[in-house]
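# Quick one, structure for this:
(chains A and B)
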Amino acid sequence: MKTFSKHVKYRVENKEIFICFCKELLDFKIDIKYLPLIQNIQRGLNTEILDNNDKILIEELNRFGGLIELQIKPIQKKDYTSIYNFLTKHLHLVRTKEFLLEKLKQYPHYFKGLYLDHELIGVIQGFPREDYILISEIAIEQRFRNRGFGHLLVKEFEKETTEKIKVGAENNAINFYKSLNFKPSIFMQFKKKNFNQNTFKDYKILYQKEYDEIIGVEIEFKEISLYSLDKLKNQFKPYSIQYLFTKTHRRLLSLADA
Amino acid sequence: MKKTIIPLSAPYSCYVNLTNKCNLRCLHCLGDYDLELEKELTLEEWKIIFNQLVKNNVFYINLSGGEPTISPYFENILDYLSEIGLHFILTSNGIFSKKICNAIIRNKDYLIGVKISLDGYNDYSHNFIRLTKNSNCNPFKITMNNILYLKENKIPLTIATVIHKENIKEFHKFISLIKEINPISWFISPIMPSGRGNNNNKIKEDYYYYDKNFWNNLAIMCHKEKINVRFVDLPFDMHSNETIDYYECGATITFCEINSDGKISPCTLCRTIIPPEYSFSDSLKSNSLKEIWNGKQFQNFRQLKKVGCDGCKAFDKCGKCVPQSFRYFQNGYSPTPYCIRNCDNLNLKNKDDYKQILSNQGIKL
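Model (predicted):
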């Protein structure tokens, strides 16, 4: 798969596409008809399946060093320190390294890195829980966000299972899961002494569990917005609150239909 | 006369003055830089601005000042630009510590190049236009050491030189030093009639600025030594179409300047020359880049680029230098001295009136 090198940027101006090779301060203008191709390259594209017109442009971009290899590779145990540092740099909360290393040992197929040439720019990892697979951490380096690389990682993760997939979203990622057609729900945690079951009478409870002094509740909730999340926070005053997103595999959907 | 100018939807690149503060007091300084402004942007404010530039697909920025390396946030800003992937050029006088050198080196991935001012081939000619607070300081020596250190560390370099009385006749010697540095480009420009450059006439060498043969010979000498010389604000820099030279300025069309207090202007000269009634007061502290780029102040400026200069053959192509028009004619729509000097080629009207006004200001054409 190929994508633009980190030194290539583009934008659309007056029905033309400006492509800038920033390190060399070279720029090109190409016709707007190439926009779908350019957008696909930005997201990562298999360049072997293109028609001749598109191939000419690809060759030209290659000639100036504008394209680079994009690969998703399994994470190796020996690399895990750098992977863990990457995650702690980009996420607010990361599980402990020892815990994740243990999960990597047990479920290596759920641990993947995204590499631009040889540079790590993204990570997805997870492990099974009860009746679903949890995406426990996913991160893309800031300068490569909004390019569709997160989608690539989730799609690759999905290939590894036919089970339901769940992920807890940081607030800045809720639109990302929305764009992947994951179904939203809300997960809240309460200290036992502050918990009142009756307050949930207007909501469908999908899951509830007690552990130590904490009660966790997952409720059905279809709206996806930070405003709604704030409203629920004010209504329930939980210890913590976040969106959960769930993807149900086609296999399970057809079973449900049957 | 009127013409159509289509500005980009957002700037292609931006000049970013990290601070007004400078560690030198160069006699030719067009920005009259010395102390920091009252309300310079904080690191957090800069970060918000850089994020905005990325969001608007600005391709790269040019970090400048004052002297950008003495901004208290210089190292943090370089690290942050690398973090968000915003490419940058650094323009500096070369007076900085090894610590700064190392910050530049560690951020070289997104660094396009470092442009360093070198205005002479030895202590005397380089320091001729420099004033320092510390009389023991030898700017030439410090700058050269840093140039060589950055070169050793494979940092792409360009050299910027202004023409002054003590270097103009020594360019053949200067070429040897430039060859040793081997920069990507060597930019040569005149002292601009702005800031301290407007007042210190004793350092200027006006006569040669417009002698095309002199610069032609210099270009040939550089070419022989494989030096990529580029003349800025000199006849060679203006787009040549056989006999017609004209300005190609992208201020408010492809670029703008963000000053250390957050205010945006078309370019440095606009900020320093254009009088207050036309001044550019919109600030990124209270407006977005897009709002200012499409706002009234920039639109008024674009109007000035669209009108005048009567009769000019290059009118449709020219990106007129509006601040020069203010500087010499106080109106924003008259031609520049360079154009007036070439008025016959350009077919400019009212040439005698223009020449008289310039002559009254002591400008010989």
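
# give the contact list for A:Asn85.
Counting by C-beta atoms under 8 Å, 6 or more residues apart in numbering or on different chains, A:Asn85 touches no other residue. In this view, the C-beta of every residue, glycine as well, is placed from N, C-alpha and C.

# same question, A:Leu206
In this structure, A:Leu206 makes contact with A:Ser185, A:Glu218, A:Ile219, A:Glu220, judged by C-beta under 8 Å, 6+ apart.

# Taking the residues you listed together, which two end up most distant?
A:Glu218 and A:Glu220 (8.3 Å; C-beta to C-beta).

# any shared contact partners between the two?
Joint contacts of A:Glu218 and A:Glu220 (C-beta under 8 Å, 6+ apart) are A:Ser185, A:Ile205, A:Leu206.

# Could you measure from the second one over to A:Thr199?
What that stands for is A:Ile205. Going from A:Ile205 to A:Thr199 by C-beta to C-beta, to the nearest Å gives 11 Å.

# repeat for the first one
A:Ser185 is 17 Å from A:Thr199, where distance means C-beta to C-beta.

# In terms of neighbours, single out the busier of these two.
A:Ser185 (18 against 13; other C-beta atoms under 10 Å in any protein chain shown).

# Let me know how buried B:Ser135 is, in neighbour terms.
7.

# secondary structure class for it?
coil (DSSP: H, G, I helix; E, B strand; the rest coil).

# Assumed A:His151 was part of a strand.
No - assigned with three-state DSSP, A:His151 falls outside any strand and is helix.

# Give me the distance between stretch B:104-124 and the centre of its chain.
In terms of C-alpha atoms, centre = their mean, to the nearest Å, the centre of stretch B:104-124 is set 15 Å apart from its chain centre.

# What parts of the stretch 51-200 of chain A come near chain B?
Within the stretch 51-200 of chain A, the positions near chain B by C-beta under 8 Å from any C-beta of the partner chain are A:Gln142, A:Arg143, A:Phe144.

# Quick check: which ranges of chain A have low pLDDT?
Applying pLDDT under 70 to chain A flags residues A:251-258.

# As a check, name the ranges of all helices in it.
With DSSP state H, the ranges of helices along chain A come out as A:35-43, A:52-63, A:80-90, A:97-106, A:149-158, A:174-179, A:226-236, A:250-257.

# Return the residues of chain B in contact with chain A.
By the rule C-beta under 8 Å from any C-beta, the part of chain B lying against chain A is B:6, B:8-10, B:12, B:57, B:59-60, B:83-85, B:87, B:109, B:112.

# would you list those in a markdown table and tack on secondary structure, neighbour count and pLDDT?
Shown next, in a markdown table, are the residues of chain B next to chain A (DSSP: H, G, I helix; E, B strand; the rest coil; neighbours: other C-beta atoms under 10 Å in any protein chain shown; pLDDT from 0 to 100):
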| residue | secondary structure | neighbour count | pLDDT |
| --- | --- | --- | --- |
| B:Ile6 | coil | 9 | 79 |
| B:Leu8 | coil | 18 | 91 |
| B:Ser9 | coil | 14 | 93 |
| B:Ala10 | coil | 20 | 95 |
| B:Tyr12 | coil | 19 | 96 |
| B:Asn57 | coil | 18 | 95 |
| B:Phe59 | coil | 24 | 97 |
| B:Tyr60 | strand | 21 | 98 |
| B:Glu83 | helix | 16 | 96 |
| B:Ile84 | helix | 16 | 97 |
| B:Gly85 | coil | 18 | 97 |
| B:His87 | strand | 22 | 98 |
| B:Asp109 | coil | 13 | 97 |
| B:Ile112 | strand | 23 | 98 |
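
# which stretches of the stretch 151-300 of chain B have low pLDDT?
Scanning the stretch 151-300 of chain B for pLDDT under 70 picks out the ranges B:205-212, B:234-244.

# Could I get the contacting residues of the residue of the stretch 151-300 of chain B found nearest chain A?
Using C-beta to the nearest C-beta, the single residue of the stretch 151-300 of chain B nearest to chain A is B:Pro156, 8.4 Å away. By C-beta under 8 Å, 6+ apart, the contact set of B:Pro156 is B:Leu111, B:Ile112, B:Gly113, B:Val114, B:Ile184.

# again, but for B:Phe174
B:Phe174 neighbours (C-beta under 8 Å, 6+ apart): B:Gly120, B:Tyr121, B:Ser125, B:Thr161, B:Asn167.

# tell me the SS of the fourth one?
Okay, so that is B:Thr161. strand.

# What sits closest to it if chain neighbours are left out?
Leaving aside its chain neighbours, B:Thr161 sits nearest to B:Ile188 (5.1 Å; criterion: C-beta to C-beta, 6 or more residues apart in numbering or on different chains).

# What count of nearby residues applies to the residue of the stretch 1-150 of chain A found nearest chain B?
Proximity of the stretch 1-150 of chain A to chain B (C-beta to the nearest C-beta) peaks at A:Arg143, 2.9 Å away. By other C-beta under 10 Å, the residues close to A:Arg143 number 16.

# Now do the same contact list for the residue of the stretch 51-200 of chain B found nearest chain A.
Residue nearest to chain A within the stretch 51-200 of chain B (C-beta to the nearest C-beta): B:Gly85, separated by 2.9 Å. By C-beta under 8 Å, 6+ apart, the contact set of B:Gly85 is A:Lys6, A:Gln142, A:Arg143, A:Phe144, B:Val54, B:Tyr110.
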